[in-house]
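> okay, structure incoming, though there's no sequence with it:
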């Protein structure tokens, strides 16, 4: 089955009822119908008028909830919104079944065009980082700054932890894995995900773990859950093989927006060694390395990532420089031009 075939799942209007998606204090959820896709948008009402817009894009298997804690830290700086990509979170599958990186990027662009919110401060994690890179390359008018946390850009030697994701892209593997793990509890699945995605799973609070289990239980009831996972994984693999002007590294070189790159030293999915290559590829880049972080630094070390974003705004002339120099983070942060 190709990544462009229609999904073999029931129509959205006959899907079984599942538990509602959690909404944190100060957040709102709304559904936005667009041509070919319906997106759930999580937002935080701005503290004051005139704040610049920001949009957050999650990774494979994630949702807009991945950005909740981080979004709250930027209240007063930006008017934040986070998308559930098609087939993830509370968004139903796309009408055309296109889960490719380009398909997800098209959904983001359709939303920004319809909402007339651009240019935005665009954030992306993992697969969402690849999606955000493509958006910034093909529609520079929609992006004022770009922040990428462990972006899923092509690697020749992939991390060992990323191999299961690649295997998930193989037709039939998702069904086999579903049968093999049928007896796994939601708690077991969440512990496995956190062990893979966090540098230190112990940083997850008991409340955060409980919320993650509730969300996992909800997702497992969705008939299209594994289909969206498998075909999005296939979309990432396909994007890795593209060359020429459509290749992700070539598109990274086309990005005009000031870019903040965040890499974790304990990332099991995106290699830490790709940080320097990314810093060279994006022409106007800054690099934040967090040696103790895993794949989701915006969830593990939200304060440090938020502080570095504030520095990016200051350097871009959109925020006064921090007088006390706080927020340098741990590791490395600095302007890294394309020729460095």
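Happy to help now that I have it. As the structure is a computational prediction, the values presented were derived from the model and not from experiment.
> contacting residues for residue 83?
When contacts are counted by CB atoms under 8 Å, 6 or more residues apart in numbering, residue 83 touches 39-42, 55-58, 64, 91, 107-108, 111. Glycine gets a C-beta too; all of them are placed from N, C-alpha and C.
> now the longest helix along the chain: how far from the chain's centre is it?
Taking DSSP state H as the criterion, the chain has its longest helix at helix 225-241. In terms of CA atoms, centre = their mean, to the nearest Å, the centre of helix 225-241 is set 14 Å apart from its chain centre.
> what residues sit buried inside it?
By neighbour count with 16 or more other CB atoms under 10 Å, helix 225-241 contains the buried residues 225-240.
> do the same with stretch 300-311
Going by 16+ other CB under 10 Å, stretch 300-311 has these buried residues: 300, 301, 302, 304, 305, 306, 307, 308, 309, 310, 311.
> give me the pLDDT value at the closest residue to the first one other than its chain neighbours.
Setting aside the residues directly before and after it, residue 300 is nearest to residue 293 in space (CB to CB, 6 or more residues apart in numbering), at 5.1 Å. Model confidence at residue 293, expressed as pLDDT, equals 98.
> over to residue 321?
41.
> so the residue nearest to residue 300 sits right up against residue 268, yeah?
No - using CB atoms under 8 Å, residue 293 is not in contact with residue 268, being 11.3 Å away.
> more neighbours, those two?
residue 293 (31 against 17; other CB atoms under 10 Å).
> what kind of secondary structure is the residue nearest to residue 244 when sequence neighbours are not counted in?
In space, and not counting its chain neighbours, residue 244 is closest to residue 250: 6.9 Å by CB to CB, 6+ apart. State at residue 250, reduced to three classes by DSSP: H, G, I helix; E, B strand; the rest coil: helix.
> roughly how far does residue 250 sit from residue 205?
41 Å (CB to CB, to the nearest Å).
> quick one, what contacts residue 101?
Taking CB under 8 Å, 6+ apart as the test, what residue 101 contacts is 127, 130, 131, 134, 235, 236, 238, 239, 248.
> and it, how close does it get to residue 68?
Residue 101 is 24 Å from residue 68, by CB to CB.
> count of neighbours near the residue nearest to residue 244?
14.
> please shift the residue numbers so they start at 47 in all later answers.
Sure, I'll start numbering at 47, so the last one becomes residue 296.
> is it in contact with residue 200, as I believe?
No - using CB under 8 Å, residue 296 is not in contact with residue 200, being 10.3 Å away.
> now, the contacts of residue 129 that are in helices?
Short answer: the contacts of residue 129 in helices (DSSP H) are 153, 154, 157.
> so how far is residue 178 from the second one?
Here the distance between residue 154 and residue 178 works out to 8 Å (CB to CB).
> mutual contacts of these two, please.
By CB under 8 Å, 6+ apart, the residues touching both residue 154 and residue 178 are residue 103.
> please enumerate the helices of the chain.
Taking DSSP H as the criterion, the chain carries its helices at 114-119, 147-161, 173-184, 209-214, 219-226, 232-243, 252-266, 271-287, 294-300, 320-327, 343-346, 348-361.
> weakest of the ones you listed by average pLDDT?
When I compare these, helix 209-214 is least confident, with a mean of 52.
> how about the residue nearest the centre of the chain, what does it touch?
Nearest to the mean C-alpha position of the chain, by CA atoms, centre = their mean, lies residue 104 at 2.4 Å. Under the criterion of CB under 8 Å, 6+ apart, the contact list for residue 104 reads 110, 112-113, 128-131, 134-135, 171-174.
> let's see it at 10 Å
By CB atoms under 10 Å, 6 or more residues apart in numbering, residue 104 lies in contact with 110-113, 128-131, 134-135, 169-175, 177, 342, 344.
> and if you look at residue 170?
101-105, 151, 154, 176-182, 192-198.
> so for residue 164, what's the pLDDT?
Residue 164 is given a pLDDT of 81.
> and for it, nearest residue in space, chain neighbours not counted?
In space, residue 164 is closest to residue 188, 3.8 Å off (CB to CB, 6+ apart).
> ok, the one you found to residue 153 distance?
13 Å.
> the more surrounded of the two?
Counted by other CB under 10 Å, residue 188 and residue 153 do not tie: residue 153 has more neighbours, with 24 against 19.
> tell me who's in contact with the more buried one.
80, 82-85, 103, 129, 131-132, 137, 140, 144, 177, 181.
> try it again with 6 Å
83, 132 (CB atoms under 6 Å, 6 or more residues apart in numbering).
> distance of it from residue 163?
For residue 153 relative to residue 163 (CB to CB), the value is 14 Å.
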